[in-house]
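> Need a 3D model of the sequence below.
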Amino acid sequence: MPDNSLPEKIVSKMYEKDWFSQWLGIERLEVEEGRCRLRMTIRKEMLNGFGIAHGGITYSLADSALAFASNSYGGMSVSIETSISHTGSLKEGDVITAFAEEMSLSNKIGIYHVTVRNQNDKIVALFKGTVFRK
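The predicted model follows:
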């Protein structure tokens, strides 16, 4: 991402030491204050015993999107409550994109919705995250 905005600089610094997001192969497509779009590809080692992506993989992508969106202002935010609904299955080679968007923000609490879609633009997961702003 060639963007040199403050949110992009903050997320780049976070990503530098975010070994798990790097292992997932997450690409940052868009970072703005309170918003983030990420993409990754499902790999063989991410599959469960049924040959579909483990639910934790989709959850982890959404959680990374929440972290980057909620910390894009420069202060530290940590999740205090999250939930996910898996609405579709994924297989090896599928490319998924997570879009995190701020729904509510106060001095101490932020609420975000994250929509995860596959390469066919089908929604495969809906995630909600609440963060505490330190």
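
> how about the strands of this protein, start to end?
Per DSSP state E, the chain carries strands over the ranges 27-32, 35-41, 77-86, 95-105, 109-117, 123-133.

> Present those as TSV; the columns should include mean pLDDT, distance to residue 7 and mean neighbour count.
In short, each C-beta sits where N, CA and C put it, glycine included. TSV is the format used below for the strands of the chain (pLDDT from 0 to 100; distance: least, CB to CB, whole Å; neighbours: other CB atoms under 10 Å):
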stretch	mean pLDDT	distance to residue 7	mean neighbour count
strand 27-32	97	5	17
strand 35-41	98	8	21
strand 77-86	98	13	14
strand 95-105	98	12	19
strand 109-117	98	14	21
strand 123-133	98	15	19
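
> okay, which residue is most central for the protein?
Computing the C-alpha centroid of the chain and ranking residues by CA atoms, centre = their mean puts residue 65 first, at 2.3 Å.

> quick one, what contacts that residue?
Shown in contact with residue 65 (CB atoms under 8 Å, 6 or more residues apart in numbering): 36, 37, 38, 98, 99, 100, 114, 127.

> go on, residue 91?
Applying CB under 8 Å, 6+ apart, we find residue 91 in contact with 42, 47, 51, 52, 53.

> on that earlier part again, relative to residue 48, how far out is the residue nearest to the residue nearest to the centre of the chain when sequence neighbours are not counted?
The shortest distance from residue 65 to any non-neighbouring residue, by CB to CB, 6 or more residues apart in numbering, is to residue 100 (3.8 Å). Counting by CB to CB, to the nearest Å, the gap from residue 100 to residue 48 is 25 Å.
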